[in-house]
Every structure is written in structure tokens, then in C-alpha cells.
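> the sequence isn't on hand, but the structure is:
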């Protein structure tokens, strides 16, 4: 006679991993429900419940900030998979889309806020939702560009033999995208998604505490909390904000990014036997939970259905005359010319007619000072983080330790160092032009580290074995193996770090602590002052000058270096 064992029956229904997954999923649902409350409330509700420095409010503020950042990250991922793919797949479109991406990357976040805040507020007049749209879009602009550049670089460097294998298996373009190109670009994309989250934290003060002229909106969040603490010179509140950031970063690192890093390890081009692969308790939970397995199977079935729906053309297309192709080229060139003429006309009307030559030369001089700071800081950051990134990337165990530390350091807003910077400069009468400069690279240097780690982790095992067998060591190993392998990834990170440093100049060149203000000469402080004053003409002039400088530097230096690295050091 068999015994009745209820625990066995319960185990057949749900395992402990199902219970853990259920708790996590319900927690996420509750989190989304709590953070979405009040979105349709009137803006006057923010005045009725003003920001408070009481630490008991920090869990709610942290939840609201995290929700905005992940909403922006989802939008950035959609933008990356569409925009970067279009730029990489279409040579005609890439000639326009890549320069546009350079320009968008060079536009400072305060510039986006200054121009778009009225538009987003008009989408939901008098409602908190409009301000939320503006904040999410501002965070989006600090996340999307480096993700798009990373995925574009991955699509351009897919090994030829993998493309030939996809052709041999007769994959349609849609299937090739999801079965080959996305998995190949996923490792670098995941690292850049982590960097994007950190970049969102870096500019969280500007995105949540919106102040443009007479328009001031302080959304509940960690960024507004930090802005209020700085205005009131409350060091204790600054400490609570740092602790909250650390807890939140560790939480989403364990629940989201650590599982993603462990999961995308399967997509590495080379798998070296005997190497310890990244692991994650959350990934183990997802793999062993029947609930999540069912959801995964449903998603996989949907992808396979779409793959079958998009048929591959087995028969070669009939030769097409050159006339239609030339017509398309003429249409494309005509659209580009029309867009350029329209843009130049607006520039002439808004800027040139209303800008004296003396002011234009002054702004160019300030941009030159900021440019020199960016060059020096990028060079110093490269000397430090490229060797460290190669060492970490070739050791998965070290990468697991460095990952959360680098995320926290990259997320550390420059505003939190204003008390130290302002006090030191005022106390010892230091030169702000020099001692405020490191704040520019505080958050952007990590783009270099994250991309180099991603590149070093993809160095083929046979390449390392060959170098070891031939006793290639020291500087020769760096020159012949490590640096060529990571150069395409480094250039991607350096381009983003350079653009991010220009962006960070707005925060770094004008530091405030209560009523004490310290200013460095540069284009960043010029734009910050114009934004505070609500001077639209000076805002547009500063943004236009910054975009012009960044695009010229990218065209003359970074982009040729990128194509050189892609052409000569592509792993095929």
C-alpha cells in the first residue's frame, strides 16, 4: 500500500525554483504597479508632496528612478536593433545614419531637455505623465548611442565563415539576423547595456530635476533627491543617496545583468575548454523553473513562426537594369540634399543672423578648451583601462568581480563629488580649469573599460595557444595579439567616451554646492549657464558648436581609425 505523501505531489506541481521564480515575478509586478501610480495625476500633485530628504522616502524614489531607467533601456534596445541594423545592412543608408548618430551622440542631454521638454509636456498637458516622458527621453539619450555603435560594430565584423555557414544552411535574412547576427553581437551589447544603465545614473540629476528657464519640474527620484541635497548642503543626505544607489545597482546586477552575462557566454565565437564559465543563481532559477521555461518556449515558438513566415528566395533574382537603381540613388541623394538645405536654412535664420562674429569666436574658443580637456582625459583613461580591460576580459572569474564594481563607479554622478571639488578649489585656491576637468571623465572612462573587456573575452583560444607556443610575451604579445584583437572594440568605446565627455562637460565645468559656485572656462559651462537662464539662442549656439566639433573630430580621427581597425584586425 503506497503512502500518501503530499510533499511529493506538491513537488510534481511546482519545484522550489518555481516558488522562487513566482516570488521574483510577483515582486516585479508589484514594483511596476507601485512605480506607475500617479502618472496621470496633475502636476500640482508634485507641489502638494514636495521632495523630502527624509531617508524613509528613498525606497520609493529609487523605485521611480529605476523604472524610468529600464523604460529608457527598453527603448534604447529597440532603437539599437533597428537603427544600427539599418545602418550596417544598407550601404546607402549607412552613409547618412552613422553621421547622424555621431551628431546625436554629441548633442548634450541638457540640449535635448531644453528643446524637447515643451513637446513632451504638451503630450499630456498639466499631467505628471508629460514630465515622465521628458525624463525617460533624457535618460534614453544617455543610453542609446553607445549601444547602437556597439551593435553596428558587431554587425560589421561578423566572421566571413559564419556568414558562409548561414548561407549553406539557407537561412533567410530574418533568420540570419536572429540566429547569427544578434547572438554574435550580444556579448558586446550586454556590456554596453550595463554601461548605458550606469550612464543613466550619471545624468539622473539633470533628467529628473528639470529646469529650463521658468520651467522647473522635480520628479520624485534619486536624481531630484541629490539635487535637493546639493542645494541644501546636506552631506548626510548625499551619503544616503550613495548607499541607495549601491543597493539598487547590486540588485539589478544580480537579477538582470549577471544572468545575461552568464547566458550570452554561449554565444562566444570561441569556447576554450577547461575555462570557468560565468554563473548566476538567477539564471539557474530561470532555467529550472517550469513557469519561466513555458514562457521561454512560447517566445521561441513565436520567433520560429516568424522565421518560417519570412521565406527565403531560393531562385536567383532576375538581372535588374541599372535604371531603377540609379533612380533610387537619385531619390536618396535628393532627400539628403533637401534635408541639408533645410537644416542650413534654419541655421542661417536662427544662428548666423542673430550671432555677432565676436560671440561666435568666443564660443569656438571655449569649445577648443573643452576639446583639449577631452583629448587629454581620453588618452590618460586609455593608458589605464586598456591593460586592465584586457586582463579582466581574458579571465571570466575576474570579470564577475569587476562587473558590479565598474557599474557602480560608472553610475557615480559627478554631482556627488561637488562638495569635495568645490571645497578643495575654494579652500586651497586651485585653478578650476584644471581641477574640475577629472569630473568630465568620471563616468565616461568606463565605456573604454567595458568595450575592451568585451573584446578581450572574444580573443580566440587558438590565437592565445599559438602565441604561447611561439613564446610571444611582453610587449610583442601586446603589439601582435592583444591590442589588434581589442582595437575595434576599443575604438567603439573611445568614440562613445569622447562624446560622453563632451556631454559631461556641462555637469563638470560648472560645480555648485549650496550658494557656492565654481566654474571652469569651456563650452559645457556656457551651455549650462544658458540653460539656467532659458536663453534659447545661446543654447542652440552652444549645442550646434559642440555637435560641429564632435562630428569633425569623429570624421577626421575616430572614424578613419574605426574603419582601419575593422578592415585590418577583423577576426575571420
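Now that the structure is in, tell me what you want to look at. If you're wondering where the values come from, they're calculated on a predicted model, not measured in any experiment. Residues are numbered from 1 along each chain as shown.
> name the helix or strand for residue 468, please.
helix 461-469 (DSSP states H and E).
> what's the mean pLDDT across that helix?
Average pLDDT, helix 461-469: 84.
> next SSE after it?
Assigned by DSSP H and E, the successor of helix 461-469 is helix 474-477.
> how far off centre is the helix or strand just after that following helix?
Remark: after helix 474-477, the chain's next helix or strand is helix 483-508, criterion DSSP H and E. For helix 483-508, the separation from the chain centroid amounts to 11 Å (computed by Cα atoms, centre = their mean, to the nearest Å).
> report the angle between the helix holding residue 468 and helix 483-508.
110 degrees (axes from the mean of the first three to the mean of the last three Cα atoms, to 10 degrees).
> so how far is helix 461-469 off the chain centroid?
Relative to its parent chain, helix 461-469 has a centroid offset of 33 Å by Cα atoms, centre = their mean.
> could you do stretch 198-218 as well?
That offset, for stretch 198-218, works out to 17 Å (Cα atoms, centre = their mean).
> average pLDDT for it?
73.
> buried residues, that stretch. List them.
If you call a residue buried by 16 or more other Cβ atoms under 10 Å, then stretch 198-218 has these buried ones: 198-212, 217-218. For the C-beta atoms, the positions are set from N, CA and C on the backbone; glycine is no exception.
> ends of it, how far apart?
The first and last residues of stretch 198-218 sit 21 Å apart, counting by Cα to Cα, to the nearest Å.
> in helices only, show me the buried residues of stretch 198-218.
Using DSSP state H, the members of the buried residues of stretch 198-218 that fall in helices are 198, 199, 200, 201, 202, 204, 205, 206, 207, 208.
> where do the helices sit along the stretch 101-250 of the chain?
Using DSSP state H, counting those that start in this stretch, the helices found in the stretch 101-250 of the chain span residues 109-123, 128-141, 144-156, 160-168, 173-176, 182-202, 204-208, 222-231, 235-252.
> packing partners of the first one?
In this structure, helix 109-123 packs against helix 128-141, helix 204-208, strand 209-212, strand 215-218, helix 483-508, helix 523-533, helix 536-553, with contacts taken as 3 or more Cβ pairs under 8 Å, 6 or more residues apart in numbering; DSSP states H and E.
> okay if I get these as TSV plus distance to residue 459?
Compiled in TSV, those are given as follows (distance: least, Cβ to Cβ, whole Å):
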stretch	distance to residue 459
helix 128-141	33
helix 204-208	35
strand 209-212	43
strand 215-218	47
helix 483-508	5
helix 523-533	37
helix 536-553	29
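> out of these, nearest to residue 243?
Smallest distance to residue 243 across the helices and strands packed on helix 109-123 (Cβ to Cβ): 15.4 Å, for helix 204-208.
> mean pLDDT lowest where, among the helices and strands packed on helix 109-123?
Among those, strand 209-212 carries the lowest mean pLDDT (a mean of 67).
> neighbouring contacts of stretch 84-93?
94, 97-98, 101, 147-149, 151-152, 155-156, 177, 181, 328-329, 332 (Cβ atoms under 8 Å, 6 or more residues apart in numbering).
> filter those down to the buried ones, ChimeraX style.
A single ChimeraX command selects the buried members of the contacts of stretch 84-93 (16+ other Cβ under 10 Å):
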select :94,97,98,101,147,148,149,151,152,155,156,177,181
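> between the contacts of stretch 84-93, which sits nearest residue 468?
Closest to residue 468 out of these is residue 156 (29.8 Å), distances taken as Cβ to Cβ.
> give the contact list for that closest one.
Per Cβ under 8 Å, 6+ apart, neighbours of residue 156: 88, 566.
> can you list the low-confidence ranges for the stretch 101-250 of the chain?
By pLDDT under 70, the weakly predicted segments of the stretch 101-250 of the chain are 106, 110-111, 114, 211-215.
> list the buried residues in stretch 471-482.
Neighbour count says stretch 471-482 has 477, 481, 482 buried, by 16+ other Cβ under 10 Å.
> do stretch 422-432 as well
The neighbour-count check on stretch 422-432 (16+ other Cβ under 10 Å) flags 422, 425, 432 as buried.
> and what of stretch 238-254?
238, 240, 241, 242, 244, 245, 248, 249, 252, 253.
> distance to residue 534 added to the helices of the stretch 101-250 of the chain, as JSON lines?
Output for the helices of the stretch 101-250 of the chain, formatted as JSON lines (distance: least, Cβ to Cβ, whole Å):
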{"stretch": "helix 109-123", "distance to residue 534": "8"}
{"stretch": "helix 128-141", "distance to residue 534": "16"}
{"stretch": "helix 144-156", "distance to residue 534": "26"}
{"stretch": "helix 160-168", "distance to residue 534": "52"}
{"stretch": "helix 173-176", "distance to residue 534": "48"}
{"stretch": "helix 182-202", "distance to residue 534": "24"}
{"stretch": "helix 204-208", "distance to residue 534": "15"}
{"stretch": "helix 222-231", "distance to residue 534": "18"}
{"stretch": "helix 235-252", "distance to residue 534": "28"}
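> residue 438 is nearest to which of the ones you listed?
helix 182-202 (14.0 Å).
> where does the stretch 251-400 of the chain dip in pLDDT?
Checking the stretch 251-400 of the chain against pLDDT under 70 turns up 269-277, 303, 306-330, 332-333, 336, 340-341, 343-344, 346-351.
> 90 - rerun?
251-360, 393-400 (pLDDT under 90).
> now the strands for it?
In the stretch 251-400 of the chain, no strands are defined using DSSP state E, counting those that start in this stretch.
> would you agree residue 464 is in contact with residue 482?
No - Residue 464 is beyond contact range of residue 482, at 9.6 Å (criterion: Cβ atoms under 8 Å).
> now, which of the contacts of stretch 84-93 sits nearest residue 187?
residue 151 (11.2 Å).
> what's near enough to touch that closest one?
80, 81, 84, 85, 88, 185, 188, 189.
> from those residues, keep the buried residues only.
Neighbour counting by 16+ other Cβ under 10 Å classes 80, 81, 84, 85, 88, 185, 188, 189 among the contacts of residue 151 as buried.
> distance to residue 160 added to those residues, as CSV?
Output for those, formatted as CSV (distance: Cβ to Cβ, whole Å):
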residue, distance to residue 160
80, 24
81, 23
84, 20
85, 19
88, 15
185, 16
188, 19
189, 21
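> and which of these is nearest to residue 116?
residue 80 (20.2 Å).
> residues in contact with the closest one?
Taking Cβ under 8 Å, 6+ apart, one finds 144, 147, 148, 150, 151, 189 in contact with residue 80.
> cool, and residue 244?
Taking Cβ under 8 Å, 6+ apart as the test, what residue 244 contacts is 58, 59, 61, 62, 222.
> residue contacts, the third one?
Spelled out, it's residue 61. By Cβ under 8 Å, 6+ apart, the residues touching residue 61 are 220, 221, 222, 224, 225, 244.
> what's the answer for residue 72, then?
Each residue near residue 72 by Cβ under 8 Å, 6+ apart is listed here: 136, 137, 139, 140, 143, 200.
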